[in-house]
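Chemist: fold the following.
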Amino acid sequence: MKNLLILPRLRPTNKMNYDYTFPLGICYIASVIKKNGFHLDCINLNHLNGSVEEILEKELKKGYDNVLSGNIFVGYLVLKEIVSAVRKFSSKSKIIIGGSVISSDPSIIENLKPDFGIIGEGEMTIINLLKTGQNKPEEIKDLDELPYPDFESFGFDEYLNNLYTNQDYFTTIEDYPRIYPIIGSRGCPFNCTFCYHHGKYRERSIDSIIDELKYAIKKYKINIVVLFDDLFSINKKRLIEFCDKIKQFNIKWSCQVSIQYLDEEILKHLKESGCFVISYGFESYDENVLKSMKKPITSKQIDFAIKKSMENKINIQGNFIFGDLAETKETANRTLDYWEKNCKGQLNLAFIQPYPGSFIYNECLKKGLIKDKLTYISQICGGEIYLNMTHNMTNEEYIDLVNKIKELRNSSYYYSKINEIERIKKNYKIKVSCPFCNKVITYENFDPFKSPCLICRECFMRFYAISDIKEVNEANWKAWRENG
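Modeler: As a prediction, the model looks like this:
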């Protein structure tokens with residue numbers, strides 16, 4: 001039995017592209033298929049030139065019994081291209097699609113029309129399907145039993161060799177970033193109204209995570225670790241154990257922390273162990289909106305997390321998102337007032353998006369705000385959309401808020417003019433003064449035609465670098481507006 005696993009395009013381009021975060025889910029699927037002895041070829045569309053149809057026309061000539069792929073729901077249109085190409089060039093192949101594009105709203109299967117749709121976690125389900133032809137969803141009980149994700153089959157070295165310092169908010173800590181993404185848990189015990197998640201909350205053991213890092217850091221020469229663990233602070237003992245054990249690598253790393261469990265001791269351990277960025281879920285500063293969102297946090301905890309992270313020189317990644325069901329002009333202004341006075345341009349401003357599978361998505365369906373699921377999903381694949389789902393804001397008030405947020409996003413961040421810029425090979429070396437601590441920082445391997453977002457390597461505050469070169473500056477800001 002010959003199987004082909006396709007990693008879809010994660011940017012809207014037909015050109016070779018490395019501007020994406022390497023996905024974990026599809027790499028876990030590859031590793032379990034191989035571990036169970038099945039033949040598997042893998043292809044990463046992001047690393048190839050040409051349309052999906054052109055690439056797959058050549059690849060499918062090898063003849064496959066099964067063609068597999070998957071994505072989150074914003075990858076719906078790309079998956080549709082993949083399914084169409086397989087039907088055209090390999091009509092006898094069975095098509096298997098997984099990921100939250102299917103799990104969050106299984107009715108999507110009716111439009112994509114794969115032969116099999118995998119709902120929920122796919123590792124055990126795909127093996128059952130390949131062995132018996134039976135598609136029975138099964139949840140992983142012990143995450144430590146999973147093999148390490150198979151990054152290598154999708155060109156991970158090629159990806160690492162083409163990263164640049166300003167590729168993402170967490171890459172600017174290194175001139176030549178080599179990032180390793182790793183998962184520490186799955187599932188969630190909470191029920192935020194804007195979120196879709198699947199399965200009970202389960203943790204990997206710290207020893208399992210550390211063993212994988214030992215392997216990966218040596219094999220791929222990793223210098224940045226990104227820990228995807230939504231509830232990293234829920235178990236303080238586990239967090240401190242991880243901080244103590246990751247010190248042996250003397251490496252920079254980032255994580256996600258739930259602020260209701262945050263305290264001074266946790267921040268101290270995080271900083272001392274090399275954590276330089278924390279991703280927080282703030283969402284709103286208004287207590288009524290937080291309650292409506294079913295966010296188990298308070299404005300006091302938000303204030304603590306922001307101010308203490310800055311004091312400890314840990315960069316903050318987070319958002320205030322507007323437009324919840326309970327949003328009003330007053331609640332929005334309360335959040336914006338706090339943002340302008342306290343956040344120093346470190347938090348992004350955005351609008352709540354009704355993602356398939358979430359409570360607010362279903363509310364939008366009930367209200368008729370989303371009239372056609374497929375049309376809506378196609379629209380949201382293209383970026384931020386604006387639906388007035390609030391109970392108490394008129395459409396005029398909502399549009400005014402949208403315009404106000406857009407204006408603030410373009411005018412209220414911190415900028416610094418590049419002092420020196422020098423071409424070195426394919427990218428540049430720049431010198432720029434941090435607008436917060438005034439330290440002059442040199443960044444090598446800087447791509448001036450990409451997002452200008454940087455993190456100061458002294459005070460760890462985020463700012464944007466401005467160039468005097470007109471064509472560079474225009475391209476620079478265009479990339480930031482489009483890709484954030």
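Chemist: report the separation between K252 and E311.
Modeler: Using CB to CB, to the nearest Å, one gets 19 Å for the distance from K252 to E311. All C-beta atoms are positioned from the backbone trio N, CA, C, and that covers glycine.
Chemist: er, G383 actually
Modeler: Computed with CB to CB, the distance linking G383 and E311 is 35 Å.
Chemist: and the helix or strand harbouring L213, what does it pack against?
Modeler: Per DSSP states H and E, L213 falls inside helix 206-220. Under the contact definition 3 or more CB pairs under 8 Å, 6 or more residues apart in numbering; DSSP states H and E, helix 206-220 sits against helix 156-161, strand 179-183, strand 224-228, helix 236-246.
Chemist: gap between it and the chain center?
Modeler: Put simply, helix 206-220 sits 21 Å off its chain's centre (CA atoms, centre = their mean, to the nearest Å).
Chemist: output stretch 172-192 as PDB - backbone C-alpha positions only.
Modeler: Extracted in PDB, the C-alpha atoms of stretch 172-192 (Å, rounded to 0.1, in the frame of the first residue of the first chain):
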ATOM      1  CA  THR A 172      14.500  38.400  16.400                       C
ATOM      2  CA  ILE A 173      16.300  37.200  19.500                       C
ATOM      3  CA  GLU A 174      18.800  35.400  17.100                       C
ATOM      4  CA  ASP A 175      20.400  36.600  13.900                       C
ATOM      5  CA  TYR A 176      20.100  33.100  12.400                       C
ATOM      6  CA  PRO A 177      17.100  31.600  14.200                       C
ATOM      7  CA  ARG A 178      16.600  27.800  14.200                       C
ATOM      8  CA  ILE A 179      13.200  27.200  15.800                       C
ATOM      9  CA  TYR A 180      11.900  24.000  17.200                       C
ATOM     10  CA  PRO A 181       8.200  23.800  17.900                       C
ATOM     11  CA  ILE A 182       7.100  21.300  20.600                       C
ATOM     12  CA  ILE A 183       3.800  20.400  22.100                       C
ATOM     13  CA  GLY A 184       3.500  19.900  25.900                       C
ATOM     14  CA  SER A 185      -0.200  19.200  26.300                       C
ATOM     15  CA  ARG A 186      -3.500  18.700  24.400                       C
ATOM     16  CA  GLY A 187      -7.100  19.600  25.000                       C
ATOM     17  CA  CYS A 188      -8.400  22.300  27.400                       C
ATOM     18  CA  PRO A 189     -10.700  22.200  30.500                       C
ATOM     19  CA  PHE A 190     -12.100  25.700  29.700                       C
ATOM     20  CA  ASN A 191     -14.900  26.800  27.300                       C
ATOM     21  CA  CYS A 192     -14.100  30.200  25.900                       C
END
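Chemist: roughly how far apart are the residue nearest to Y164 when sequence neighbours are not counted and P147?
Modeler: In this structure, Y164 finds its nearest non-sequential neighbour in D447, 4.6 Å apart by CB to CB, 6 or more residues apart in numbering. Per CB to CB, D447 is found 35 Å from P147.
Chemist: swap in S90?
Modeler: For S90, the distance to P147 - CB to CB - is 28 Å.
Chemist: the two - which one has more neighbours?
Modeler: Ranked by neighbour count (other CB atoms under 10 Å), S90 and P147 place S90 first, with 21 against 14.
Chemist: quick check: the more buried one touching D65?
Modeler: No: the pair S90 and D65 fails to qualify as a contact (CB atoms under 8 Å) at a distance of 9.6 Å.
Chemist: I'd like to know which elements the helix or strand where N128 lies is packed against.
Modeler: Element membership for N128, per DSSP H and E: helix 123-132. Here helix 123-132 touches helix 25-35, strand 94-98, going by 3+ CB pairs under 8 Å, 6+ apart.
Chemist: save these as CSV, and put in mean pLDDT and mean neighbour count too.
Modeler: Shown next, in CSV, are the helices and strands packed on helix 123-132 (pLDDT from 0 to 100; neighbours: other CB atoms under 10 Å):
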stretch, mean pLDDT, mean neighbour count
helix 25-35, 97, 21
strand 94-98, 96, 22
